[in-house]
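*Asks:* take this sequence and fold it.
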Amino acid sequence: MNSLYRLLLRLRPALIASFLKRMLCIRRRVVETPTGRFYIDPASNFGYALLSEKAYEPELAHAVKTLLREGDVFLDLGANEGYFSVLAAAHVGKSGIVLSVEPQSRLQPVIFRNLSENKASQVRVFQCAVSDSNGFAELSLPPDMNTGHGALFQKTRYRNPTEIVPQYTLSNFLGLLNIPRLTLMKIDIEGFEYEAILGSRDVFERGWITHIALELHPSLLKRRGKNEQDILDFLTDCGYERDGNFVNLVLSRKV
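*Replies:* As a prediction, the model looks like this:
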């Protein structure tokens, strides 16, 4: 079956692969990994990685495990199916807090199932987007071969389904929750890292967040007339510098 899943993942456009998956009655199932139990779609990028490698983005996982301690607060911005929220919950313990932010309504049952499978009761789930304004936003939903590619703009040549979701600035979101400080923020929001960070400058100028695991999307930013260097220059001015202990882009605030 793994060869079939691999073939479907390579098929383009992804809409055809998604249709074939439904015709073949490929359904989610729970898999055991060293990180925990996850309710995966085996014919998806995330699910296939867990099925075949028993891990997902190991470099980022290493950063989460290394930087978080008992009682810390972690923000999973762009949680997808909740993998890093589950991982973080195991490290912050019952006295810590995990804020899991994912705007796609279709992923909410999956996130809650994954939290339940791992008894991660300290995770708070929020179905909303984070950008540079408060209100509502139109979210583009990619085929379910890669649910992690949901975005606040249309990335494909063909039209994807959309849904309207609540939207907050990062500053407003954290303020409403009365969170005084974050140990680590993982941010992977498909090009809108520009608006999320530069739209809440006060959060970073005040050092509200100690560490940032930042996923940049240069090609998506360029399509929208944005430059990833603006983000990095701003964070440098706020006292953040690249943490050389990690392969992926982790920025830590200088004390």
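*Asks:* neighbours around the nearest residue to L220 once chain neighbours are set aside, how many?
*Replies:* Spatial nearest neighbour of L220, excluding adjacent residues (CB to CB, 6 or more residues apart in numbering): G191 at 3.3 Å. Quick note: C-beta positions are derived from backbone N, CA and C, even for glycine. Neighbour count for G191, taken as other CB atoms under 10 Å: 22.
*Asks:* quick check: the gap between G191 and L221.
*Replies:* 5 Å (CB to CB, to the nearest Å).
*Asks:* what does L87 give?
*Replies:* Applying CB to CB, the value for L87 to L221 is 27 Å.
*Asks:* for the closest residue to V92 other than its chain neighbours, what are its contacts?
*Replies:* Spatial nearest neighbour of V92, excluding adjacent residues (CB to CB, 6+ apart): D72 at 4.7 Å. Listed by CB atoms under 8 Å, 6 or more residues apart in numbering, the contact set of D72 reads H91, V92, G96, I97, T183, L184.
*Asks:* would you list those in CSV and tack on secondary structure and neighbour count?
*Replies:* Shown next, in CSV, are the contacts of D72 (DSSP: H, G, I helix; E, B strand; the rest coil; neighbours: other CB atoms under 10 Å):
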residue, secondary structure, neighbour count
H91, helix, 19
V92, helix, 23
G96, coil, 20
I97, strand, 19
T183, strand, 20
L184, strand, 25
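*Asks:* quick one, phi psi at L182?
*Replies:* Main-chain torsions, L182, degrees, to the nearest 10: phi -110, psi 130.
*Asks:* next, count neighbours for the residue nearest to it when sequence neighbours are not counted.
*Replies:* Once flanking residues are discounted, L182 sits nearest to I209: 4.5 Å by CB to CB, 6+ apart. By the criterion of other CB under 10 Å, I209 has 25 neighbours.
*Asks:* shaky segments in the chain?
*Replies:* 150-158, 255 (pLDDT under 70).
*Asks:* could you pull out the strands in it for me?
*Replies:* With strands called from DSSP state E, the chain shows them at 29-32, 37-40, 73-77, 97-101, 123-126, 129-131, 135-140, 162-169, 182-187, 209-214, 240-242, 250-253.
*Asks:* state the distance from K186 to E163.
*Replies:* In terms of CB to CB, K186 sits 23 Å off from E163.
*Asks:* more neighbours, these two?
*Replies:* In this view K186 and E163 are compared by other CB under 10 Å, and K186 has more residues nearby, 26 against 14.
*Asks:* now do the contacts for that one.
*Replies:* By CB under 8 Å, 6+ apart, the contact set of K186 is L60, V64, F74, L75, D76, L77, G78, F84, A213, E215.
*Asks:* same deal with H217?
*Replies:* Applying CB under 8 Å, 6+ apart, the residues near H217 are E190, G191, E193, E228.
*Asks:* switch to 6 Å and redo it
*Replies:* By CB atoms under 6 Å, 6 or more residues apart in numbering, the contact set of H217 is G191.
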